[in-house]
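Student: Quick check, what structure comes out for this input:
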Amino acid sequence: MKFADIQEELEFNEKKPLIKVLFETAFTKEIRIAMKKGTVMKEHKTSYPIVVQIVKGNIDFGVQNEVFDLNEGKILALDGGVPHDLKAKEDSVIRLTLTKNDDANRVVNVSNITIA
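Tutor: Numbers count the residues shown, from 1 in each chain. A predicted model of the protein is given here:
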């Protein structure tokens, strides 16, 4: 059994999303993305499916030339290989679930090269 508090040590950065691995299980990696209003994660994709949950706030989630307005409580599943991007419309906390085979550092790398 594993526990994490998605609100614990929560920080926002004016220039880029902040990524924290909450924990890993035998089959997933649970990650928190904290996005200050106006920050973006440029278009990227993964080889594996992901699940995205908006815990707090509001983001624009762009996928395949369409933008989805996602607010607190929304959850989505996205297949691997699908390009997507995120823009925080307000301070937002996002839970990202990766498969065990995916690399959490990939998410960190995407957040480090975002355009504020």
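Student: From residue 82, how far out is residue 66?
Tutor: 11 Å (CB to CB, to the nearest Å). C-betas here are computed from N, CA, C, even on glycine.
Student: These two: which is more packed in?
Tutor: Neighbour count, other CB atoms under 10 Å: between residue 66 and residue 82, residue 82 has more, with 12 against 7.
Student: Wait, the more buried one touches residue 43, no?
Tutor: No: Residue 82 is beyond contact range of residue 43, at 10.4 Å (criterion: CB atoms under 8 Å).
Student: Would you pull up how far stretch 15-33 lies from the middle of the chain?
Tutor: Its chain's average C-alpha position is 8 Å from that of stretch 15-33, according to CA atoms, centre = their mean, to the nearest Å.
Student: begin at 51 from here
Tutor: Shifting the count to begin at 51 puts that one at stretch 65-83.
Student: Only the buried residues of it, if you could.
Tutor: Of the residues in stretch 65-83, those buried under the neighbour-count criterion (16 or more other CB atoms under 10 Å) are 66-72, 79-83.
Student: Pull out the buried residues from the lowest-mean-pLDDT helix or strand in the chain.
Tutor: Evaluated with mean pLDDT, DSSP states H and E, the helix-and-strand set of the chain has its lowest mean pLDDT in helix 154-162, which scores a mean of 77. Going by neighbour count (16+ other CB under 10 Å), the buried part of helix 154-162 is 154, 157, 160-161.
Student: again, but for stretch 89-101
Tutor: Of the residues in stretch 89-101, those with enough neighbours to count as buried (16+ other CB under 10 Å) are 89-91, 94-96, 98, 100.
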